[in-house]
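K.L.:
just the structure for this:
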Amino acid sequence: MNYFSLLLLLFSIRCFGQKVYNYPETFRQNKVDTLWGKAIGDPYRWMENIRSPEVLNWLKTQDTLKNKYKGENLKSLTEYLQRYSFIIYGDFSFKEGKYIFFYRNENDGPPSLYYSKQGFFNNDRFLFNPNRLEKSAVISIDEIKLSADNKTLAMLLSKNGSDWKTVRFIDMETKKLLNDTINFIKYSTIYWYKNGIFYSKFDVKNVEESFSHAINGFALYYHRMGTKQKEDILVYKPSNNYDVFSFLVTPENKYLVIERGDSIYQKISISDLSSGFNLSSSFIFENKDFIITKKNKNTFYDILGELNDKLLVRTNMYAPNGAIYSFNPKEINRAEVFLPQVLEQLKSAVIIDNKLLCIFNNNKKSFGLVVDSTGELLYKWFIPEGYTFSTISRSKNEHAAVYSFNSFFEPESVYELNLNTFKNVPAFTTKIHFNNENITTEKVFYYSKDSTLVPMYLTYKKGMEQDGNNPVLLYGYGGFGVSMEPFFNPANIIFFNNGGILATPCLRGGGDFPGWHEQGMRLNKQNTFDDFISAAEYLIDKKYTNPTKLAAMGASNGGLVVGSCIVQRPDLFKVVVAQAGVFDMMRYHLYNIGYSYTGEIGNVTDSLDFENLIKYSPVHNIKKGVDYPATLLVASDNDDRVLPFHSFKFLAELQEKGSEKNPYILYYHKKAGHSGNGNFEEWLAENAYVYSFIFKYLGIEKKIR
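P.N.:
Numbering: from 1, shown residues only. Prediction:
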């Protein structure tokens with residue numbers, strides 16, 4: 001055993017002493033970096049090696065604390081959550097070619113795949129159980145694509161919740177798994193073309209590389225069925241090894257589209273597949289650009305497909321709320337307005353049966369509309385107030401669209417819209433095992449620190465009184481242009497039934513309004529935290545709650561938000577849950593593809609970014625003796641998007657420096673990734689623990705209902 005390991009072992013097994021919460025004394029090494037003339041201590045650098053024996057031993061000591069400080073009502077909460085999670089959606093999920101595919105849970109693992117040829121409910125047959133591939137792992141199906149001839153199904157599979165994917169194929173006639181296997185896919189979809197698929201992958205030898213350094217070499221390939229992956233054809237590789245691009249094949253299989261960029265320009269290029277795309281040998285993508293604009297992180301282009309020999313594109317390039325443009329693919333930036341911008345935000349659009357289906361978000365009611373191939377309105381419909389569209393499905397060979405919508409207190413309702421008759425009916429009835437008739441959502445507005453008006457959803461049981469004593473769960477995200485929209489979590493039903501209010505502000509950094517994203521990114525990131533803090537102050541000032549009844553929660557970027565906010569304003573919150581949070585802003589970019597987030601967050605190699613990041617980096621701003629809220633950090637051992645060492649370091653700093661007033665605990669999920677692993681029992685255990693922790697420190701310890 002080396003000297004470092006011996007020291008760490010001695011610290012790990014040292015007597016806990018007289019501290020109230022009996023934290024194990026975590027080893028601090030003398031590690032200091034000098035950045036822009038400033039000494040930045042990193043005493044827990046050793047935790048970045050998450051598979052090391054030292055880290056694993058430390059995790060064992062933390063696990064005992066998790067068991068010690070669980071809520072007293074964990075058992076009853078688990079029972080309620082299990083009951084409320086038993087939701088019968090019907091078997092329909094989505095259409096691919098002549099088949100209807102759907103998922104069905106078997107035992108407690110990720111769902112198995114079923115199919116039908118006849119219709120929504122007829123003749124369903126078992127097709128594939130992913131967990132039969134490997135008994136010691138949890139494997140889930142993340143995406144499927146059916147070949148144009150309906151003969152072969154491609155499946156993107158994830159192991160233990162990882163962002164790394166493997167593609168496997170099923171012969172739809174024999175229902176047998178084929179030998180073709182494609183590995184090392186990440187942040188990529190797949191598209192069929194002729195007898196093979198396009199996909200993109202990183203240049204790695206082992207998926208564990210994400211946990212040891214930054215990965216690069218992202219490139220686009222074509223795999224021909226019946227061949228080895230090493231024989232796959234290189235289609236496009238960026239000149240910069242660290243550049244990440246996106247690609248798609250239009251629904252008609254006519255164009256291969258690649259969106260890429262350099263330091264100055266954002267470019268979208270196409271290759272006409274119908275003109276005889278050469279797949280006989282390595283082929284470097286010909287840069288036939290049809291859109292070139294100045295690079296802007298907040299400009300998006302959603303290539304919808306071909307209509308009237310033009311490419312329809314949903315974009316905010318000239319219209320902040322989004323509009324549909326018709327581009328000439330043979331010329332650069334030659335576009336005409338197909339569907340103009342309106343007051344509402346254009347969320348998504350699809351081409352079905354030579355018609356365009358568009359979904360809009362409204363402050364009150366979201367709505368959809370159908371236009372013909374000339375842009376003339378054919379049909380418009382609304383969904384209930386407080387609900388949001390969640391999915392849209394299409395089948396290019398049928399005259400129908402399938403869509404779903406949900407609220408904070410109701411799971412997805414699925415409808416089918418006939419695009420000839422415009423008959424709009426439920427595809428099936430969603431059955432729930434709880435009463436949500438007395439739950440409502442309202443939208444309020446409050447002023448942030450700089451006087452920006454910020455909207456916030458409040459969901460609660462009718463009859464709630466603003467007496468300053470309601471339990472409130474403040475949930476936020478505020479990053480990467482992701483809008484805050486109604487989402488359903490059955491655990492919140494239990495919270496509502498016990499007098500709780502769910503508050504979800506539309507933080508800057510999200511995409512809720514034009515300009516909202518850039519106002520909460522990079523050097524403006526503090527605006528996101530100010531919005532969250534101001535939401536807490538509003539809830540207290542308006543007598544919804546008080547600091548002893550206020551919980552905060554966020555995941556991923558939302559974990560960064562709540563982590564920064566409790567460091568800046570610990571007095572506002574009683575309890576905090578941060579799931580898969582980014583907490584070490586000095587080193588997040590050194591692993592996986594963290595470098596690709598620098599446009600959103602900033603990079604310490606830039607002096608202005610460094611000065612901004614060091615001001616709010618949660619790990620670097622914890623002060624000695626401060627009464628931080630009761631804190632639960634949730635991390636997963638196979639999270640290769642936000643590595644769990646962020647939570648380790650933040651927890652160690654809290655336990656070392658925080659006062660003894662509240663506990664600081666880790667929930668460590670094994671065989672799981674950034675968003676879990678699809679195993680229901682493990683999801684149930686984690687969510688029950690999280691909410692029991694919240695209930696415990698908000699004082700909801702009576703018999704729950």
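K.L.:
for the stretch 1-150 of the chain, what spans make up the helices?
P.N.:
Applying DSSP state H, counting those that start in this stretch to the stretch 1-150 of the chain gives helices spanning 3-13, 53-68, 74-85.
K.L.:
with the stretch 351-500 of the chain instead?
P.N.:
Using DSSP H, counting those that start in this stretch, helices in the stretch 351-500 of the chain cover 490-497.
K.L.:
how about the strands in it?
P.N.:
355-361, 367-371, 377-382, 388-394, 400-406, 413-418, 424-426, 439-447, 453-461, 472-475 (DSSP state E, counting those that start in this stretch).
K.L.:
which residues of the stretch 201-350 of the chain fall in strands?
P.N.:
Under DSSP E, counting those that start in this stretch, the stretch 201-350 of the chain gives strands at 219-224, 233-236, 246-249, 255-261, 265-272, 289-294, 301-307, 310-315, 323-327, 335-339, 345-352.
K.L.:
give me the residues contacting the first one.
P.N.:
The set of residues external to strand 219-224 that reach it, using CB atoms under 8 Å, 6 or more residues apart in numbering, is 167, 180, 182, 193, 195-201, 203, 229, 231-238, 245, 247, 258, 279, 283, 285. Quick note: C-beta positions are derived from backbone N, CA and C, even for glycine.
K.L.:
mind doing that once more with 6 Å?
P.N.:
182, 196-200, 232-237, 247, 279 (CB atoms under 6 Å, 6 or more residues apart in numbering).
K.L.:
so how far is Asn420 from Phe27?
P.N.:
69 Å (CB to CB, to the nearest Å).
K.L.:
can you pick out the residue with more neighbours from these two?
P.N.:
Using other CB atoms under 10 Å, the more surrounded residue of Phe27 and Asn420 is Phe27, with 21 against 10.
K.L.:
related to what we said a few turns ago, quick one: closest of the helices of the stretch 1-150 of the chain to Leu133.
P.N.:
helix 74-85 (25.8 Å; CB to CB).
K.L.:
okay, now the domains of this protein?
P.N.:
3-82+434-698, 88-244 (automatic domain parsing).
K.L.:
still on that earlier bit, tell me which of the strands of the stretch 351-500 of the chain sits most buried.
P.N.:
Mean neighbour counts were compared across those using mean count of other CB atoms under 10 Å; the top stretch is strand 472-475, at a mean of 25.
K.L.:
so how far is that one off the chain centroid?
P.N.:
19 Å (CA atoms, centre = their mean, to the nearest Å).
K.L.:
what's the closest non-adjacent residue to Asn524?
P.N.:
Counting by CB to CB, 6 or more residues apart in numbering, Asn524 lies nearest to Glu518, which is 6.9 Å off, once chain neighbours are set aside.
K.L.:
any idea how far the one you found is from Ala491?
P.N.:
From Glu518 to Ala491 the distance is 33 Å (CB to CB).
K.L.:
ok so, going back, measure the residue nearest to Asn524 to Ile291 for me?
P.N.:
21 Å.
K.L.:
who has more neighbours out of the two?
P.N.:
Ile291 (25 against 17).
K.L.:
who's the nearest residue to the more buried one once chain neighbours are set aside bridged to?
P.N.:
Closest residue to Ile291 apart from its sequence neighbours, by CB to CB, 6+ apart: Ile268 at 4.0 Å. Note on Ile268: beta-bridge partners Glu259, Ile291, judged by DSSP bridges.
K.L.:
what about Ile268, distance to Thr181?
P.N.:
31 Å.
K.L.:
so those two - more neighbours on which side?
P.N.:
Counting neighbours by other CB under 10 Å for Ile268 and for Thr181 shows that Ile268 has the greater number, 23 against 14.
K.L.:
shouldn't the more buried one be in contact with Gly261?
P.N.:
No - using CB atoms under 6 Å as the test, Ile268 is too far from Gly261 to be in contact (9.5 Å).
K.L.:
ok so, going back, can I get the domains of the chain in JSON lines including mean pLDDT?
P.N.:
Formatted as JSON lines, the domains of the chain follow (pLDDT from 0 to 100):
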{"stretch": "domain 3-82+434-698", "mean pLDDT": "93"}
{"stretch": "domain 88-244", "mean pLDDT": "87"}
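K.L.:
tell me the most buried of those domains?
P.N.:
domain 3-82+434-698 (a mean of 19).
K.L.:
so what's Phe434 up against?
P.N.:
By CB under 6 Å, 6+ apart, the neighbours of Phe434 are Tyr84, Ile493.
K.L.:
swap in 10 Å and give it another go.
P.N.:
80, 83-87, 409-410, 490, 493-494, 496-497 (CB atoms under 10 Å, 6 or more residues apart in numbering).
K.L.:
distance check, the closest residue to Tyr460 other than its chain neighbours against Ala535.
P.N.:
Nearest residue to Tyr460 in three dimensions, chain neighbours excluded: Ile501, at 4.3 Å (CB to CB, 6+ apart). When distance is defined by CB to CB, Ile501 is 12 Å away from Ala535.
K.L.:
phi, psi for the spatially closest residue to Tyr23 that is not a sequence neighbour please.
P.N.:
Leaving out its chain neighbours, the residue that sits closest to Tyr23 by CB to CB, 6+ apart is Gln655, at 4.2 Å. Backbone geometry at Gln655, expressed as degrees, to the nearest 10, gives phi -70, psi -30.
K.L.:
hmm, back to that, reformat the strands of the stretch 201-350 of the chain as TSV; add distance to Tyr379.
P.N.:
TSV is the format used below for the strands of the stretch 201-350 of the chain (distance: least, CB to CB, whole Å):
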stretch	distance to Tyr379
strand 219-224	38
strand 233-236	39
strand 246-249	27
strand 255-261	28
strand 265-272	30
strand 289-294	30
strand 301-307	17
strand 310-315	18
strand 323-327	16
strand 335-339	14
strand 345-352	12
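K.L.:
and the lengthiest helix in the chain, what does it pack onto?
P.N.:
When the chain is parsed with DSSP state H, its longest helix is helix 680-698. On a contact count with 3 or more CB pairs under 10 Å, 6 or more residues apart in numbering; DSSP states H and E, helix 680-698 meets helix 53-68, helix 74-85, strand 472-475, helix 490-497, strand 550-555, strand 575-579, strand 630-636, strand 664-669.
K.L.:
Ile100 is nearest to which of those?
P.N.:
Closest of those to Ile100 is helix 74-85, at 24.6 Å (criterion: CB to CB).
K.L.:
C-alpha coordinates for the closest one, PDB please?
P.N.:
The C-alpha trace of helix 74-85 is given here as PDB (Å, rounded to 0.1, in the frame of the first residue of the first chain):
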ATOM      1  CA  LEU A  74     -40.000   6.100   4.100                       C
ATOM      2  CA  LYS A  75     -42.000   2.800   4.100                       C
ATOM      3  CA  SER A  76     -45.500   4.400   3.800                       C
ATOM      4  CA  LEU A  77     -44.200   6.900   1.200                       C
ATOM      5  CA  THR A  78     -42.800   4.000  -0.800                       C
ATOM      6  CA  GLU A  79     -46.100   2.200  -0.800                       C
ATOM      7  CA  TYR A  80     -48.000   5.300  -1.900                       C
ATOM      8  CA  LEU A  81     -45.400   6.000  -4.600                       C
ATOM      9  CA  GLN A  82     -45.600   2.500  -5.900                       C
ATOM     10  CA  ARG A  83     -49.400   2.700  -6.100                       C
ATOM     11  CA  TYR A  84     -49.400   6.100  -7.800                       C
ATOM     12  CA  SER A  85     -46.800   5.000 -10.300                       C
END
